[in-house]
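Trainee: could you look at this predicted model? Sequence included:
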Amino acid sequence: MPLILPVNGVAPTWGDECFIAENATIVGQVTMGDQCSVWFTAVVRGDVNTIEIGNKVNIQDGAIIHGTYQKAGTKIGNNVSIGHRAMVHGCTIHDNVLIGMGAIVMDNCVIEENCIIAAGAILTEGTHVTSGSVYAGIPAKKIKDLSPGLFQGEVQRIANNYVLYSSWFQPKK
């Protein structure tokens, strides 16, 4: 069973067709839409601030979603993939975004729609990523525009695949 706990009387909520792995942790002020998945050892900790997650969001193995007390909540749009061991902290991520494996997104960052944050990238506090960008490096900088092929081949493909993967863990009807 996943660890799902209320904090100060507020329990996490999620929509339809969601998969939560048996060793995932979700606590406090967390709301998730439909077709979301929280994978093995991932932590979504809404104990010190709110975490709002849209539809068709996958939070992959070992990822951490958190915020900063009285300062920065986390808001994640629709069709977003948070890669393995990524850290997303007190920021806003719009629709159709891929956060690569091991990337770190710090407080008050804003990632507009249709973007990729490369594996291992670090977005320092307050970084603003404009729509259609690919960011990489430490600290992360724009390296190119997001091409239609990269959008379909990575952002869309990964989000769609995780809906499929989630279905493998659902009871058969």
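Mentor: Arrived safely, thanks for sending.

Trainee: who is the residue most central in space within the chain paired with across the strands?
Mentor: Nearest residue to the geometric centre of the chain (CA atoms, centre = their mean): I82, 4.0 Å. Assessed by DSSP bridges, I82 has beta-bridge partners I59, I99.

Trainee: surely it is in contact with G62?
Mentor: No. Using CB atoms under 8 Å, I82 makes no contact with G62, being 10.2 Å away. Quick note: C-beta positions are derived from backbone N, CA and C, even for glycine.

Trainee: just to revisit the earlier point, quickly note the distance from the residue nearest to the centre of the chain to V97.
Mentor: Separation of I82 from V97 (CB to CB, to the nearest Å): 9 Å.

Trainee: residues in contact with the residue nearest to the centre of the chain?
Mentor: Each residue near I82 by CB atoms under 8 Å, 6 or more residues apart in numbering is listed here: 57-60, 63, 65, 76, 88, 99.

Trainee: for these, pick the one with the most neighbours.
Mentor: I59 (31 neighbours; other CB atoms under 10 Å).

Trainee: residue contacts, that one?
Mentor: Counting by CB under 8 Å, 6+ apart, I59 has contacts 36-39, 42, 44, 53, 65, 82.

Trainee: could the residues you listed go into TSV alongside secondary structure?
Mentor: Below are the contacts of I59 laid out as TSV (DSSP: H, G, I helix; E, B strand; the rest coil):
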residue	secondary structure
C36	coil
S37	strand
V38	strand
W39	coil
A42	coil
V44	strand
I53	strand
I65	strand
I82	strand
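
Trainee: all set, thanks.
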